[in-house]
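dropping the sequence and predicted coords here.
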Amino acid sequence: MKAFFSIVIALFVLTGFAQKQRVDYEKVNKTVKATYYYQDNATIEKVGFFNAKGDIDGTWTSYDLEGKITVIANYKNGKKDGVWQYYKPTVINIVTYKNNKIIAVHKKEVAL
């Protein structure tokens, strides 16, 4: 039991020193736009929206540390819904979701 409490205390101490992620929120009509930053607090990691109920909703875009798009995702009331695009150096993987279920998958070659 002592070991358990020691581990719990160690985790609290370690997480206390962890750098917190910066998130900016902006009200846009009936939604809230959220912008998440990498730990440098200057480079955008992802941007997207929450609906009035607080569910993830609409288009979310994720970026790498260089600012290049890595994923464009679509949600509807907290569920994956619509086309998702996963960007790789030579291909874009395209996955279509409906109510959190995969409907179709294909890829598009990218010219360098």
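Nice, thanks for sending it over. Numbers count the residues shown, from 1 in each chain.

restrict the strand or helix carrying Glu45 to CA atoms and write it as CSV.
Secondary structure from DSSP states H and E places Glu45 in strand 44-50. Output of strand 44-50 as CSV, limited to C-alpha atoms (Å, rounded to 0.1, in the frame of the first residue of the first chain):
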residue,chain,number,x,y,z
ILE,A,44,-0.8,25.7,-33.9
GLU,A,45,-1.5,22.0,-33.5
LYS,A,46,-5.2,21.9,-34.4
VAL,A,47,-8.2,24.1,-34.9
GLY,A,48,-11.9,23.1,-34.7
PHE,A,49,-15.3,23.7,-33.3
PHE,A,50,-17.6,22.6,-30.4
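
buried residues of it, list them for me.
44-46, 48-50 (16 or more other Cβ atoms under 10 Å). The C-beta positions use only the backbone N, C-alpha and C, and glycine is treated the same way.

and that strand, which strands flank it?
In the sheet, strand 44-50 lines up against strand 31-37 (antiparallel), strand 56-63 (antiparallel) (DSSP bridges).

which of these sits most buried?
strand 56-63 (a mean of 17; mean count of other Cβ atoms under 10 Å).

which residues does that strand contact?
Outside strand 56-63, the residues that touch it by Cβ atoms under 8 Å, 6 or more residues apart in numbering are 31, 43-51, 69-78.

on that earlier part again, could you export the buried residues of strand 44-50 to TSV, including columns for pLDDT?
Shown next, in TSV, are those (pLDDT from 0 to 100):
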residue	pLDDT
Ile44	96
Glu45	97
Lys46	98
Gly48	98
Phe49	97
Phe50	97
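
nothing else from me, thank you.
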